[in-house]
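Novice: need the 3D shape of this:
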Amino acid sequence: MLRNFLGLFLATFFIAIFILLMQFMWMHVNDLVGKGIGLDVLAEFFVYAAASVVPLALPLAILLSSLISFGNLAEKFELTAMKAAGISLFRILRPLAFAVALLSVGAFFFSNNVLPKSQMKLWALIFSLRQKSPELQIPVGEFYDEISGYHIYVREKTSHGDLLNIMIYDYSDGFANAKVMVADTGRLSTSADKRYLMLDLISGESFENLNKKQQRATGTTNSIPYRRETFAYKRIIIDFATDFNRYDESLLEDQHVSKNVAQLIQSIDSVQEVSRATSREQSNRLLDERYFGRDYSRTKVPVPTTITAEERRTHDLDSLWASLTLEQKRRFYSLVQEKAQNYRDQVDYNAIILDDADRYIRKHAIELHRKFTLAFACLIFFFIGAPLGAIIRKGGLGAPVVISVILFIVYYIIDNTGYKMAREALWPTWAGMWLSSFVLLPTGIFLTYKAATDSPIFNPEAWSIRAKNLFVRIKNYENQYYRGSLRRLQTRKIRDRRG
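Specialist: Coordinates of the predicted model:
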């Protein structure tokens, strides 16, 4: 059984890796196509991408392999024979559960030690691919805009690579200073260091809008809004680096995906301490300096202590307000409004600073919980797949694949919902990240219990019998209620006659 399970697990695991890898590559196809990337870089991209999809492929492979294994045993009545020989389902599950437990431990160490490094290298590679300029393939009969600041139109191409009837729109200095160039012939080449693109134009004209500064420099400030130039030969040098430059991986070391459990805990504790200190400092500053200047317990403003009751009665706020003129009241309103707006701006600024720290902490806490939920999901999926295979009694790649896909989609939807709730701070981080486990764990316990007691929960005949029994009970209850009501009514009529 163990050998059969491990063989199915390896096969389904690599199939799941392949499917998820194709989906990941499709998401980043724009970063790969048309860049002239070598095979070594593509191989590196696939290796890091395959490592990044392991957290999704591993639970799916365990679910599918356990479902197929026990489905085959139940379909061939081998499971029934073992139970008839006195071997309980839990004893049958014991070696496979031990193997899945080892896989769960390995999944934790993978997500803690291997996945952070692969994620850092993967995203550094993706950023490098995004920064690389695409291969220069100017089409015929349409504008080419892959060169920053230039739009190039070519009507024809020769077999030697010459461009015929070329038109160039130069927006490198902004749309207000656009240049238009046309030429009969053009040829593209790159510099020796592959950092610049050289465009040689033969027999053409250029048109350029002149701004006021250029008009004064050329002495044409009267009525000439643009400059026209006719040339026999002209070379344009464009900054167009074609080399593949690596993104610095050290810039990603502080990201949550690049840290293990110890680093995540350390980052969360340090940022929480800084956030608390910043919050206390902001609160004290608001009380000391911004509380309308009336927090006498903290400020150094001398407060008179010998105020008589007569002075307090004659110098209250209402009398002072009534003594002001209309112009003084207007100035007072304006001053109060300005101060209130300043206080509000200060509070909003403080909230932005604290919100950045809270977002940083949430990202790290989510990643911390994710490393444990992966290992726990492997165990849950085993105790869902194995009993379910024993119950449905279907092996092969038919019904098990369909059921596994449906269950995994449900798991992915629940897990993604909890992740978004935790990310947006609508739920506590632990609640959002463990939501899928809280939902699927009772399902695994229920299926294991039903499989151990041989309950036919997927048998249509059993459900039909239960429905008929329920219908009979409802009818009996209605008849008893009707008879009891009729009996009470007859008893009431007899009492009324005697009375």
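
Novice: could you use CA atoms for every contact and neighbour count after this?
Specialist: OK.

Novice: keeping just the C-alphas, turn stretch 366-383 into CSV.
Specialist: What follows is stretch 366-383, C-alpha atoms only, in CSV (Å, rounded to 0.1, in the frame of the first residue of the first chain):
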residue,chain,number,x,y,z
ILE,A,366,0.3,36.3,6.8
GLU,A,367,3.5,34.7,5.4
LEU,A,368,4.3,33.3,8.9
HIS,A,369,0.9,31.6,9.2
ARG,A,370,1.1,30.4,5.6
LYS,A,371,4.2,28.2,6.4
PHE,A,372,2.2,26.3,9.0
THR,A,373,-1.1,26.1,7.1
LEU,A,374,0.6,24.4,4.1
ALA,A,375,1.8,21.5,6.3
PHE,A,376,-1.6,21.2,8.1
ALA,A,377,-3.5,21.2,4.7
CYS,A,378,-1.5,18.2,3.6
LEU,A,379,-2.8,16.2,6.6
ILE,A,380,-6.3,17.4,6.1
PHE,A,381,-6.4,16.5,2.5
PHE,A,382,-5.2,13.0,3.2
PHE,A,383,-7.9,12.4,5.8
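
Novice: contacts for it, please.
Specialist: 55, 58-60, 62-63, 66, 97, 100-101, 103-105, 107-108, 111-112, 256-257, 260-261, 264-265, 419, 422-423, 429-430, 433-434, 437, 440-441, 444-445, 447-448 (CA atoms under 8 Å, 6 or more residues apart in numbering).

Novice: show me where the stretch 51-200 of the chain dips below the pLDDT cut-off.
Specialist: Along the stretch 51-200 of the chain, segments meeting pLDDT under 70 span 131-137, 175-176, 193-194.

Novice: need the helices for it, in chain order.
Specialist: Under the criterion DSSP state H, counting those that start in this stretch, helices of the stretch 51-200 of the chain are mapped to 54-75, 78-84, 89-109, 115-131.

Novice: make JSON lines out of those helices and add distance to Ala192.
Specialist: Formatted as JSON lines, these follow (distance: least, CA to CA, whole Å):
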{"stretch": "helix 54-75", "distance to Ala192": "43"}
{"stretch": "helix 78-84", "distance to Ala192": "72"}
{"stretch": "helix 89-109", "distance to Ala192": "47"}
{"stretch": "helix 115-131", "distance to Ala192": "20"}
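
Novice: looking at the ones you listed, which is buried most?
Specialist: helix 54-75 (a mean of 25; mean count of other CA atoms under 10 Å).

Novice: for that one, name the packing helices and strands.
Specialist: Helix 54-75 sits against helix 2-27, helix 78-84, helix 326-392, helix 399-423, with contacts defined as 3 or more CA pairs under 8 Å, 6 or more residues apart in numbering; DSSP states H and E.

Novice: closest one to Tyr150 among those helices?
Specialist: helix 2-27 (27.7 Å; CA to CA).

Novice: identify all contacting residues around the very next helix or strand once past that closest one.
Specialist: Where DSSP states H and E defines the elements, the next helix or strand beyond helix 2-27 is helix 29-32. If you take CA under 8 Å, 6+ apart as the criterion, helix 29-32 is touched by Ile126, Leu129, Arg130.

Novice: buried residues in helix 29-32, which are they?
Specialist: Asp31, Leu32 (16 or more other CA atoms under 10 Å).

Novice: mean confidence for it?
Specialist: For helix 29-32, mean pLDDT is 72.

Novice: ok now that helix, how far from the chain's centre?
Specialist: 19 Å (CA atoms, centre = their mean, to the nearest Å).

Novice: right, and Leu252 touches Ser258 too?
Specialist: Yes. With contact defined as CA atoms under 8 Å, Leu252 and Ser258 form a contacting pair (6.9 Å).

Novice: and for the two, which residues touch both?
Specialist: Met120.

Novice: what about the two, which has more around it?
Specialist: Ser258 (22 against 17; other CA atoms under 10 Å).

Novice: ok, the more buried one touching Lys121?
Specialist: No. Contact criterion CA under 8 Å: Ser258 and Lys121 do not qualify, at 9.0 Å.

Novice: hmm, back to that, next, format the contacts of helix 29-32 as a markdown table and append distance to Ile353.
Specialist: Compiled in a markdown table, the contacts of helix 29-32 are given as follows (distance: CA to CA, whole Å):
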| residue | distance to Ile353 |
| --- | --- |
| Ile126 | 30 |
| Leu129 | 33 |
| Arg130 | 31 |
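
Novice: what's the closest of those to Glu75?
Specialist: Nearest member of the contacts of helix 29-32 to Glu75, counting by CA to CA, is Ile126, at 47.1 Å.

Novice: gap between that closest one and Met22?
Specialist: 16 Å (CA to CA, to the nearest Å).

Novice: okay, now Asn209: neighbour count?
Specialist: By other CA under 10 Å, neighbour count at Asn209 equals 18.

Novice: which residues sit against stretch 56-76?
Specialist: With CA under 8 Å, 6+ apart as the test, stretch 56-76 has contacts from 1, 4-5, 8-10, 12-13, 16-17, 20, 79-80, 100, 374, 377-378, 381-382, 384-397, 400-401, 404, 408.

Novice: any idea which helix or strand carries Lys234?
Specialist: Lys234 belongs to strand 226-239, assigned by DSSP H and E.

Novice: tell me the angle the following helix or strand past that strand makes with helix 326-392.
Specialist: Under the assignment DSSP H and E, the closest C-terminal helix or strand after strand 226-239 is helix 261-285. With axes from the mean of the first three to the mean of the last three CA atoms, to 10 degrees defining the directions, helix 261-285 sits at 160 degrees from helix 326-392.

Novice: buried residues in helix 261-285?
Specialist: Val261, Leu264, Ser267, Ile268, Gln272, Ser275, Ser279, Gln282.

Novice: may I see the buried residues of the strand holding Lys234?
Specialist: Those buried within strand 226-239 under the rule 16+ other CA under 10 Å are Ile238.

Novice: and if you look at stretch 139-149?
Specialist: Buried residues in stretch 139-149 (16+ other CA under 10 Å): Val140, Phe143, Tyr144, Ile147.

Novice: again with stretch 185-197
Specialist: Buried residues in stretch 185-197 (16+ other CA under 10 Å): Thr185, Gly186, Arg187, Leu188, Thr190, Tyr196, Leu197.

Novice: neighbours around Gly161, how many?
Specialist: 11.

Novice: which ones are touching the nearest residue to it once chain neighbours are set aside?
Specialist: Nearest non-adjacent residue to Gly161, counting by CA to CA, 6 or more residues apart in numbering: Arg187, 7.1 Å away. By CA under 8 Å, 6+ apart, the contact list for Arg187 reads Gly161, Asp162, Leu163, Leu199, Asp200, Leu201.
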